[in-house]
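Got a sequence here, can you build the structure:
(4 chains)
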Number of protein chains: 2
Amino acid sequence: MATQQGGARSRAVEDYLKAIRHLQQEGSPVSTSALAQLLDRSPASVTNMIKGLAERGLVEHEPYHGVRLSEAGEREALRIIRRHRVIEAYLIEKLGYSWDRVHAEAERLEHASSDELVERMAEALGHPELDPHGSPIPTAEGEVTERRHPALSEIGEGARVIIREVSDADEGRLRYLAQLGLYPGTRVEVVGHEPFEGPIRVRVAGQERSLGRGLAEIVRVELLGGGHDGGDDATDN
Amino acid sequence: MATQQGGARSRAVEDYLKAIRHLQQEGSPVSTSALAQLLDRSPASVTNMIKGLAERGLVEHEPYHGVRLSEAGEREALRIIRRHRVIEAYLIEKLGYSWDRVHAEAERLEHASSDELVERMAEALGHPELDPHGSPIPTAEGEVTERRHPALSEIGEGARVIIREVSDADEGRLRYLAQLGLYPGTRVEVVGHEPFEGPIRVRVAGQERSLGRGLAEIVRVELLGGGHDGGDDATDN
DNA sequence: CATGATTTTTCGTCGGGGCTAAAACTCAGC
DNA sequence: GCTGAGTTTTAGCCCCGACGAAAAATCATG
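From the prediction side, this is the model:
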């Protein structure tokens, strides 16, 4: 029974695990430089930390060829993501935080909150399955069901969609999207794409708007079924 | 105007400031060893940190003769104490924490919470003036009114009192006091003192109990009725 | 006022987690 | 297969905040 205990990781370790999981789509190994960029650290620092994580069995490191989370690392990462998302949901729901301001606060609290606190928050919220950005909240047992929604930028002209997720990015972008009414649950019609990777034109709440590529990529949507106008909503936040 | 900005102190710094303020009753300087004991650090470490705090202008250090908080240090300490107490109150009131379990959680959260979060919590609670242990919560502007209640252990036989404050100590003691019903608001009658620094006998909720000195010292009370705390007030009962 | 006990400070280290500069490796293109 | 660009790792360093051991200052006391 040489198992590591799942207790007090340092803040830095937790941040690395989250970042690695974020970058590690479908298990492809994560490069040092990608991590360095995301975390705003030098590549040397990242290599250094990775060595430590590998020693503790949280990642598997193939030198010069990237890292990926181990079983234990994945568990740990999910725990932190759960914390983060529950906290975000709680702050918005119970303390009146705005959608765009909540991320930074949660980013700090997630490292200081006990499991008990997080469970109490989840309880107070009625155990939501999605956070305010539409991302799924892992269960306390570490289960997540990832849903892969297409980005708004990939949707063809004329389609009508409902926003399902807006990935947590920087405040400014979120605030801007919020202003436009572009958050989970909102219905949007894609009016057209400007050529050469140009902006996307959408109609939202009757207004026509133009959205840059970068923004359109973080807005993930679900296609609304074909014809019958009006009725089919399923706001399940 | 070379003022230091009141932003991101490290966790260690915040803990030291709180501890210094705690020990610094009425401005008498705090010894290195007292701090070391309270914080569970070696005296060498404490000296070291104190040098840093003095350089940053948070304390005044007279080598070999103790430290005291500077103006700025006091402000900072009060900010942290406010955080701590608001968080404790919130956790109990809104998240169902028990009186004895809340301290440890608040101890971590107070270093990770923004001012905004603390103000929102205070708002949600209706800006309470006392925390769950009966201690006054400094205002956001850094005002506190300390009330000096006598300890239960100093109360003369026969007096009837109401508990006003139970200073935040370790979980075990708080849990024990809670079991006995000894928390702010409870009325207690002092039945007698055993000799030679022995236990205090009290009647609470009809039950007679015996309380060790250590416990009786952390329970601060207010005398009921016009009594003086000598022995002579034999009012009724 | 001298001396031993106690407290505080200094000194040298250590681990965590950053950094830069230099070396080592990988890989694309010839 | 070599070579140069780009990436990753190593090497050496720093700061923070902890430590123990040793030196210095203070205090207590005869």
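
what are the ranges of the helices in chain A?
Remark: helices assigned in chain A by DSSP state H are A:11-23, A:32-39, A:43-55, A:71-95, A:102-109, A:115-125, A:171-179, A:213-218.

Next, the contact list for the residue in chain A positioned nearest to chain B, please.
Chain B sits closest to A:A112 of chain A, with a gap of 3.8 Å, by C-beta to the nearest C-beta. In this view, the C-beta of every residue, glycine as well, is placed from N, C-alpha and C. Going by C-beta atoms under 8 Å, 6 or more residues apart in numbering or on different chains, A:A112 touches B:R108, B:L109, B:H111, B:A112.

At the contact with DNA strand C, which residues of chain A appear?
Residues of chain A that fall close to DNA strand C, judged by C-beta under 7 Å from any atom of the strand: A:10-13, A:15, A:40-42, A:44-45, A:48-49, A:52, A:64-65.

which among those residues gets closest to A:Q207?
Comparing the residues of chain A next to DNA strand C against A:Q207 with C-beta to C-beta places A:D40 closest, at 36.0 Å.

Please tell me how far the closest one sits from A:G73.
Distance of A:D40 to A:G73, given as C-beta to C-beta, to the nearest Å: 21 Å.

Looking at the two now, which is surrounded by more residues?
Using other C-beta atoms under 10 Å in any protein chain shown as the criterion, A:D40 and A:G73 rank with A:G73 on top: 24 against 7.

hang on, isn't the more buried one packed against A:H61?
No. Using C-beta atoms under 8 Å, A:G73 makes no contact with A:H61, being 10.8 Å away.

Which neighbours do the two have in common?
A:L53.

ok, now which ones touch A:E93?
By C-beta under 8 Å, 6+ apart, the contact list for A:E93 reads A:L125, A:P132.

hmm, try it at 7 Å
Listed by C-beta atoms under 7 Å, 6 or more residues apart in numbering or on different chains, the contact set of A:E93 reads A:L125.

For it, report the pLDDT, please.
Here, the pLDDT recorded for A:E93 equals 95.

Roughly how far does the residue nearest to A:R85 when sequence neighbours are not counted sit from DNA strand C?
The spatially closest residue to A:R85, leaving aside those adjacent along the chain, is A:D131, at 3.8 Å (C-beta to C-beta, 6 or more residues apart in numbering or on different chains). Counting by C-beta to the nearest atom of the strand, to the nearest Å, the gap from A:D131 to DNA strand C is 25 Å.

how deep is A:G185 tucked in, by neighbour count?
Around A:G185 there are 14 other residues, counting by other C-beta under 10 Å.

my read: A:V190 touches A:E154, true?
No. The criterion here is C-beta atoms under 7 Å, and A:V190 misses it with A:E154 at 9.8 Å.

where are the low-confidence patches of chain A?
A:1-8, A:168, A:226-237 (pLDDT under 70).

near chain B, which residues of it show up?
Residues of chain A that fall close to chain B, judged by C-beta under 7 Å from any C-beta of the partner chain: A:L95, A:G96, A:E105, A:R108, A:L109, A:H111, A:A112, A:S114, A:L117, A:R120, A:M121, A:A124.

Mind doing that once more with 6 Å?
Neighbours of chain B within chain A, by C-beta under 6 Å from any C-beta of the partner chain: A:L95, A:E105, A:R108, A:L109, A:A112, A:S114, A:L117, A:R120.

Going through the residues you listed, which ones are buried?
Buried subset of those (neighbour count, 16 or more other C-beta atoms under 10 Å in any protein chain shown): A:L95, A:E105, A:R108, A:L109, A:A112, A:L117, A:R120.

Out of those residues, give me the two with the largest separation.
Counting by C-beta to C-beta, the most remote pair of these is A:R108 and A:R120, 18.5 Å apart.

is it true that A:L174 touches A:D100?
Yes. Assessed by C-beta atoms under 6 Å, A:L174 is found in contact with A:D100 at 3.7 Å.

Show me which of those two is the more surrounded one.
Higher neighbour count among A:L174 and A:D100: A:L174, with 24 against 19, using other C-beta under 10 Å.

what about stretch A:53-62, near DNA strand D?
Yes. Stretch A:53-62 reaches DNA strand D (C-beta under 7 Å from any atom of the strand) through A:H61.

which parts of that stretch are buried?
A:L53, A:A54, A:L58, A:V59, A:H61.

Tell me which two in the residues you listed are the farthest apart.
Pairwise distances across the buried residues of stretch A:53-62 peak at 10.0 Å for A:L58 and A:H61 (criterion: C-beta to C-beta).

Kindly tell me how buried the nearest residue to A:G198 once chain neighbours are set aside is, as a neighbour count.
Distances taken as C-beta to C-beta, 6+ apart place A:R213 nearest to A:G198, at 7.7 Å, with adjacent residues excluded. A:R213: 15 surrounding residues under other C-beta under 10 Å.

do you know how far A:R213 is from DNA strand D?
Distance from A:R213 to DNA strand D, counting by C-beta to the nearest atom of the strand: 22 Å.

State the distance from that residue to A:Q179.
Per C-beta to C-beta, A:R213 is found 19 Å from A:Q179.

A:A112 too?
31 Å.

now do A:L211
A:L211 is 12 Å from A:Q179, by C-beta to C-beta.

which parts of chain A sit against DNA strand D?
So far as C-beta under 7 Å from any atom of the strand goes, chain A lies against DNA strand D at A:31-33, A:43-44, A:46-48, A:50-51, A:61, A:63-64, A:66.
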